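A.B. asks: Sequence and predicted structure, then a few things I'm wondering about:
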Amino acid sequence: METFEEIIDSSIAYLVGRTSRSIVKRLSKKFADTDFNVSYEQWSILVHLYRKDGQTQQELARVAVKDKAAITRLLNILERKNIVLRIPDRNDKRSKLVYLTNKAKAFKPNLIAVVKELLNEAEQGISQDEIVHCKNTLNKIFFNIDQLNH
């Protein structure tokens, strides 16, 4: 029979969480070592705006898997840093659309270069097949849990 420690220490949730925290710590340090005044949490919002500029806060909360309060807090910080701006939606006055500023668009290639460097560090010694298999498995796990959350 497995011990509590064996169950916890070998669980996917623990391993993914530990890996995620390590990646966040390393990426935060890499961002801090550059002149981009962006935290990992702020980057997690920028990623979705780089994919599709002009999203509502609700859309951002859904795609970033964050609650509305966290999104509001992050957007307030990004707005103060002149990285995003919120503009009232012409179709729905109760809603605001979030857009990247020119400043955010200008440093996108540099931020992506930092992230690529981190990914290269993280994937050293791992075959492309292993990477693909891992990504597929993690996406399946996310889908399973995401379905339960809705």
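C.D. replies: Alright, I've got the coordinates.
A.B. asks: Which parts of this structure are helices?
C.D. replies: Using DSSP state H, the helices of the chain run over 4-9, 12-32, 40-51, 57-64, 68-80, 102-106, 108-122, 128-149.
A.B. asks: Need the CA coordinates for the fifth one. CSV is fine.
C.D. replies: C-alpha atoms of helix 68-80 as CSV (Å, rounded to 0.1, in the frame of the first residue of the first chain):
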residue,chain,number,x,y,z
LYS,A,68,-12.9,38.5,-12.2
ALA,A,69,-11.3,40.1,-9.1
ALA,A,70,-7.8,38.9,-10.2
ILE,A,71,-8.3,40.1,-13.7
THR,A,72,-9.5,43.6,-12.5
ARG,A,73,-6.5,43.8,-10.2
LEU,A,74,-4.0,42.8,-12.9
LEU,A,75,-5.6,45.2,-15.5
ASN,A,76,-5.5,48.1,-13.0
ILE,A,77,-1.7,47.5,-12.6
LEU,A,78,-1.2,47.1,-16.4
GLU,A,79,-3.2,50.3,-17.0
ARG,A,80,-1.1,52.2,-14.5
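A.B. asks: the inter-axis angle of that helix versus helix 40-51?
C.D. replies: Relative orientation of helix 68-80 and helix 40-51, computed by axes from the mean of the first three to the mean of the last three C-alpha atoms, to 10 degrees: 80 degrees.
A.B. asks: mind giving me TSV with the helices of the chain and columns for mean pLDDT, mean neighbour count and distance to residue 95?
C.D. replies: Bear in mind the C-beta positions are built from the backbone N, C-alpha and C, glycine included. Below are those laid out as TSV (pLDDT from 0 to 100; neighbours: other C-beta atoms under 10 Å; distance: least, C-beta to C-beta, whole Å):
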stretch	mean pLDDT	mean neighbour count	distance to residue 95
helix 4-9	79	10	42
helix 12-32	92	13	30
helix 40-51	94	17	16
helix 57-64	92	17	8
helix 68-80	95	15	12
helix 102-106	95	13	21
helix 108-122	94	13	25
helix 128-149	94	10	23
